[in-house]
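Enquirer: pasting the sequence and the predicted model now:
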Amino acid sequence: MYINGVTKLTSQLSAYHGALVATKTWLTRQEAADYLGVSVSMIDRQLRHTIPTYQVVKGGKAYLFKRDDLDSLVEGNRVGPDEEFFI
């Protein structure tokens, strides 16, 4: 019973977090990774190469990414069924 309650609460919090992220203009590295379904290390690797807009905050220790730019990045990198995509 306790495990089911925790599982349900975790699921509800995850859904709430997803809805919150979907309405934010600027996302943290972790939020950007969650939003795109990739790891934070993937965000770090691609930071200067493919993610066009970001802001450095907290003395250079934190980055914020514009959600609309992440959406554009995904749209621009869509491939057809016979193509492969490599980052």
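Expert: Perfect, I can see it now.
Enquirer: in the chain, where is pLDDT below threshold?
Expert: Counting by pLDDT under 70, the low-confidence segments of the chain come to 1-2, 5-6, 9-22, 47-48, 51-54, 58, 77-87.
Enquirer: just the strands in it please.
Expert: Here the chain has its strands, by DSSP state E, at 26-28, 54-57, 62-66.
Enquirer: partner strands of the last one, with direction?
Expert: For strand 62-66, the paired strands and their directions (DSSP bridges) read strand 26-28 (antiparallel), strand 54-57 (antiparallel).
Enquirer: closest one to residue 68 among these?
Expert: Nearest to residue 68 among the strands paired with strand 62-66 is strand 26-28 (10.0 Å), distances taken as Cβ to Cβ. (C-beta placed from N, C-alpha, C; glycine too.)
Enquirer: and among the strands paired with strand 62-66, the most buried is which?
Expert: Mean neighbour counts were compared across the strands paired with strand 62-66 using mean count of other Cβ atoms under 10 Å; the top stretch is strand 26-28, at a mean of 18.
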